[in-house]
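J.: Everything below, folded, please.
(2 chains)
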Amino acid sequence: MKVLLSILTEMADIPRDVDQVATALNSLGLPVEQMQVVGKPVAGVITAKIVRTEKHPDAAKVTRCFVDAGDGELRHVWCGATNMKDGDIVALATLGTTMPSGMEIARRGILGIDSEGMLCSESELGLAEESDGIVILPATTPLGVGVFDALGIEHDVVLELDLTRNRADCWGHLGVARDLAAYFNVPLRGPRCEPGALGAAKEIPVAIKDEEHCGSFTISYVSGVRVGSSPQWVSSRLAHLGMRSINNVVDASNLVMWETNQPNHAYDADVVSSFVVRLARDGEVMTTLDEAVRSLSVEDLLICDGKDDSAVGLAGVMGDLHSEITDATVNLAIESAWFNPDSVRFAAQRHGLRSEASVRFERGTDPEGWVLAAERFVTILRETCPDVVLHASPAVVRNGHCPQVREVKVSAQQVEKLLGVHVPVDKMLSILDSIGFKPVRDGDVISASVPTWRPDCSETVDLIEEIGRHFGYDNIGKTVPHSTVHGRLSTMQQRRRTVRQVLVGLGLDEAMPSPFLAEGDLVAVGLHEDDVLRIANPLVADESILRTSLRPGLLRSLKYNQSHRASRIGLWEIGHVYPSSGQQLPNEYEQLTIVVAGGDATTALGQWNALCDALSVGAQLDQTRVPDGLHPTRSATLARGKTVVGVVGEIDPFVLDSLGIEGRVSILEVNLTTVLNETPKPVQARDVNRFPSSDIDLAFVLADDIAATQLHRAIRQAAGKKLVGLELFDVYRGAGVPENHRSLAFRLRLQEPGGTMNESDIAEVQTACIAAAEKVGAQLRS
Amino acid sequence: MSSSSHSERASLADALSSGISAISQAASTSELRSVMATLTGKKGAVAAVKSQLGRLDNIEERKALGVLVNEAVAALESAAESKFRELKRAEFSTQISAEKVDMTELALSAQASQRRGRMHLVTQATERLEDVFVGLGFQIAEGPEVETDFYNFEALNMPPSHPARSMWDTLFIESDVEGSVVLRTHTSPVQIRVMQEWPPPIYAVMPGRVFRKETPDATHMPVFHQIEGLVIDRGITFADLAGTIESFTKAFFGDGFTSRLRPSYFPFTEPSAEFDIRRPDGSWIELGGCGMVHPHVLRAGGLDPEEWSGFAFGFGIDRMAKERHGVNDLRDMYSDDIRFTEQFS
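T.: Numbers count the residues shown, from 1 in each chain, chains lettered A, B, ... in the order given. Predicted coordinates:
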């Protein structure tokens, strides 16, 4: 939202120093995003008349202009523009002038003939972004005067405010000026209003049919209008605010909106002499001022001509193209209404039409602001229409949907309890009074009437905020609450940090790919898409699926690094996955996935063992259940009975090939939500057995299709309590071992709890182990 | 008798000098061991002298000679020990020079290039923030990333079709009831979940991933991270909010930093504020939003606003990481490019 320093300083005696104003705005919560000085006169640019023009035979693209700047001297200027003719008053930048671009006007020649200055365009003077041809001033303009004075251009500052959603009132200068006046403790004047003597009452019938959408509809009748161009200050201010000047009536209407936040519309009262506000009928069509043909629906609110029920405006959004005032218009019907903010917002959304009026209506306008608006309207219009008259008895129709003044109470205790600072009651009264809340004191309680321009205020806490804002946040102290809570990470959070430390200790880098996948990404890594959630309004179609596994993202990152010839790629991610649960929210949980380029099943098992050790957790390796997308013969499910806590092994080479990844890739995937939420009991110390131990080595031949863990378990059980260590120290395939078999050599360390093992005890264990091994199909290797 | 004592003394002296000489000539530790075995063994020269001791009648002489014998043994052992050390050192020096390496060559080799893995910059920043808040007496809460409309908007004082909902470009999940499930646009829904699940008083921060329908550029990502703070207790004030922000500022950024609050608007807090951090050089960082928890939000969390009050604050984690490490483009931080990642040890 743009505001002009000129208008703000007219409305209240605030400082003219823009930095002071900007500081005030920032601390009021109306932050200044940008400041731009506009209309700063360019010294040395004066008015001059073109006495005659000539073409030079060798310079087809430029014209020789002989100009008179009122000093009797005839200057010669080369000019590239084509929009001027003899007798035009133009803007002459004299020799030595520094233009806004920084260029200095010097004597420059073309074909050996010097130019004694430059004829300027609006863009060269910094008056417009771009312009077509040079500035031509009215024929009556005196010669030799400053062009900015002659044009009536005000030196002004445009402040671009980043308004928050709640401050509807600040979409007009008046709201901003009110806050500033309160801040600087000066009275608020508001816009200059001289309505003059009221004319005779005129009857304009008005009816609101769909009251829910329109709480108030008013028509002010104005006569004595002569449509023409606006005074320079009006068009100049509108230009600074980013609006084009149309004519004196439309400009007055727009300026009133910018000043008072009261969108309004001027109809030719002789064309439209009665109004009906109603919802559109399906199939109804209208052409808005932007020349777009709009198909309407039953949700669209229309302003209609009472005469034939035809639409003259899409309520709160834009007027009808054919109902514009014309040069022949002499009487105006000025509409000022209060429309339901949601109705306008939805209409603007439906039609993709965000107008200056709709942004104000959808935030909430002041239903009482129409009187001031009408008075200001005629005050502005009178400069170009001396006979303009505002007529008595305007048409006003209201209903129960129109916002009312609300009474809200606040006590001194409530303020102190929430803000933590003592604000004297008198101070609260003066603050609320200065921003129009009409406070009344009853002991320590203040009753305030919330003005109709503040739709955001409806409760005690809103008053406390206003008091705090104007008391100044900087004047509220800084205290620290006395907490009875102890700061800590939960056990789960500590365990997650342990996992991260283990992973970085293993030299693995954390990745954070996007959780959004394209259709087919999961299938490409061997997973399915049966249980995915889809984004209804994705940014791009390739990001429409929520991941159910971290694998696609990590493998993509792995491939990316491989394609950049990274030498060592080991990536992990801890992140949420979102498989559908069939309920409203998915079965969201935290997953850990690790992939290592060039890693194999041993790599992944090593990582799993490191994590199990760090977290005191475990699981069975179940190779009979091949996880989706993993190497069919080099991977296993990490299981606890029927519960799956993860997968470990290598990525299916078929998957790698289709993804274009070279070499093996190891993978470990763990459901962290399950594993981190386990809280193993603290390990209880065991005394170290200091008696000598004995080792026996036993090598068995076992078929490849029997899991080594079966033999391991059999030995462990057979060895019993005396077994203190069991290690697979050698695996051998080859000569001496049958086809599809391997030799597994275990070292058993045995120890007697209360003394030294004797030979017969050791022999007994050995015999038991061999017997147990035979039961699982293993033969002692001789 | 005395002559016989003389001869014992003479042969002891001979044994000693020839023994010392044999020790000094030993060429290896094994040779030295056998020399010593000979000299001090049962059949050695010293033992021979010792065996003659019994023959001496004179006790004084016997004693004196005994002392000499012991001295001779000690002298031989001492010589042997120093010779042993000398030989051992010589033997090792052969091995040592044979196994010489160029340490710089090893350092350059692949096996030596062990490096610790890297945590993502956002994770590093999150852990640092968590640690600071734990130090300030906060606990850490977490919540789901796919949220219901209720937690993401409605409970935060934004009933259906509330205009303030447009402050966030929301990504919606396809569901039976259109618009009822969203990717959370902020970490604020965790506030409600914490209020519902934890008995007050509550001092908690809630870091996490959030989502917006935004085209990635140097300063925006559709998926990014926020940390939210929530304090609910009896008698919590706006001054407590300002003081907590100040404590955090000093603890996280350093003693030279200060903070200020500026009025702002969020549907879920009132009064609301933006908070800025002032660097020691006087420049400002606009950090985040905060405010007193709105009574409607307290009620949605199941708390009585007459009994409990509180404040909340939130800000972006990604930006903290970006500022700290001078990252120019947020997209680099999410590229997973090891060349980028490995810089940040």
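J.: which residues touch residue 237?
T.: In the absence of a named chain, chain A is used. A:4, A:6-7, A:154, A:156, A:255, A:258 (CB atoms under 8 Å, 6 or more residues apart in numbering or on different chains). Yep, even glycine has a C-beta here, placed from its N, CA and C like the rest.
J.: Oops, wrong one, chain B.
T.: B:Thr237 is in contact with A:417-421, A:479, B:292, B:309, counting by CB under 8 Å, 6+ apart.
J.: taking these one by one, which sit in strands?
T.: B:292, B:309 (DSSP state E).
J.: Can you say which of the contacts of B:Thr237 are buried?
T.: A:418-421, A:479, B:292, B:309 (16 or more other CB atoms under 10 Å in any protein chain shown).
J.: Identify the residues contacting B:Gly66.
T.: B:Gly66 neighbours (CB under 8 Å, 6+ apart): B:Leu53.
J.: quick one: secondary structure of it?
T.: Of the three states, B:Gly66 takes helix under DSSP: H, G, I helix; E, B strand; the rest coil.
J.: Repeat that for the one 3 residues further on.
T.: Secondary structure state of B:Val69, per three-state DSSP, is helix.
J.: can you pull the contacts of it?
T.: B:12, B:46, B:49-50, B:53.
J.: let's go with 7 Å and repeat that
T.: B:12, B:46, B:49-50 (CB atoms under 7 Å, 6 or more residues apart in numbering or on different chains).
J.: who wins for neighbours among those residues?
T.: In terms of neighbours by other CB atoms under 10 Å in any protein chain shown, these top out with B:Val49 at 24 neighbours.
J.: any idea how the chain splits into domains?
T.: In the absence of a named chain, this looks at chain A. For chain A, automatic domain parsing gives the domain ranges A:2-39+A:156-184, A:45-151, A:206-398, A:408-473, A:491-676, A:694-780.
J.: meant chain B actually
T.: According to automatic domain parsing, chain B comprises the domains B:2-110, B:121-341.
J.: rank those domains by mean pLDDT and give me the bottom one.
T.: With a mean of 83, domain B:2-110 has the lowest mean pLDDT of the domains of chain B.
J.: related to what we said a few turns ago, reformat the contacts of B:Thr237 into CSV and put distance to A:Leu125 next to each item.
T.: Formatted as CSV, those follow (distance: CB to CB, whole Å):
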residue, distance to A:Leu125
A:Lys417, 58
A:Leu418, 53
A:Leu419, 51
A:Gly420, 54
A:Val421, 51
A:Thr479, 55
B:Met292, 50
B:Ser309, 57
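J.: From the contacts of B:Thr237, pick the one nearest A:His631.
T.: Nearest to A:His631 among these, counting by CB to CB, is B:Met292 at 56.9 Å.
J.: Hmm, the closest one is touching B:Ala242, no?
T.: No: assessed by CB atoms under 7 Å, B:Met292 is found out of contact with B:Ala242, at 10.9 Å.
J.: Can you give me the pLDDT of the residue in the stretch 301-450 of chain A that chain B sits nearest to?
T.: Among the residues of the stretch 301-450 of chain A, A:Gly420 lies closest to chain B, at 2.7 Å counting by CB to the nearest CB. Per-residue pLDDT puts A:Gly420 at 95.
J.: And the residue of the stretch 51-200 of chain A found nearest chain B, how far from A:Phe339?
T.: With CB to the nearest CB, the shortest gap between the stretch 51-200 of chain A and chain B falls at A:Thr164, namely 3.4 Å. Note on A:Thr164: its distance to A:Phe339, by CB to CB, to the nearest Å, is 22 Å.
J.: Please apply the same query to A:Gly606.
T.: 69 Å.
J.: now do A:Val502
T.: Per CB to CB, A:Val502 is found 62 Å from A:Phe339.
J.: of these two, who's got more company?
T.: Between A:Val502 and A:Phe339, A:Phe339 has the larger neighbour count (other CB under 10 Å), namely 29 against 18.
J.: For that one, give me the pLDDT.
T.: Note on A:Phe339: pLDDT of 96.
J.: Could you confirm B:Arg324 falls within a strand?
T.: No: applying three-state DSSP, one finds B:Arg324 to be helix, outside a strand.
J.: need the contact list for the residue nearest to it when sequence neighbours are not counted.
T.: Once flanking residues are discounted, B:Arg324 sits nearest to B:Ala125: 7.0 Å by CB to CB, 6 or more residues apart in numbering or on different chains. Neighbour list for B:Ala125: B:317, B:320-321, B:324 [criterion: CB under 7 Å, 6+ apart].
J.: rewinding a little: output the contacts of B:Val69 in CSV, with secondary structure appended to each entry.
T.: As requested, these are exported to CSV (three-state DSSP):
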residue, secondary structure
B:Leu12, helix
B:Val46, helix
B:Val49, helix
B:Lys50, helix
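J.: sorry, back to before: in terms of mean pLDDT, which of the domains of chain A ranks lowest?
T.: Lowest mean pLDDT within the domains of chain A: domain A:45-151, at a mean of 88.
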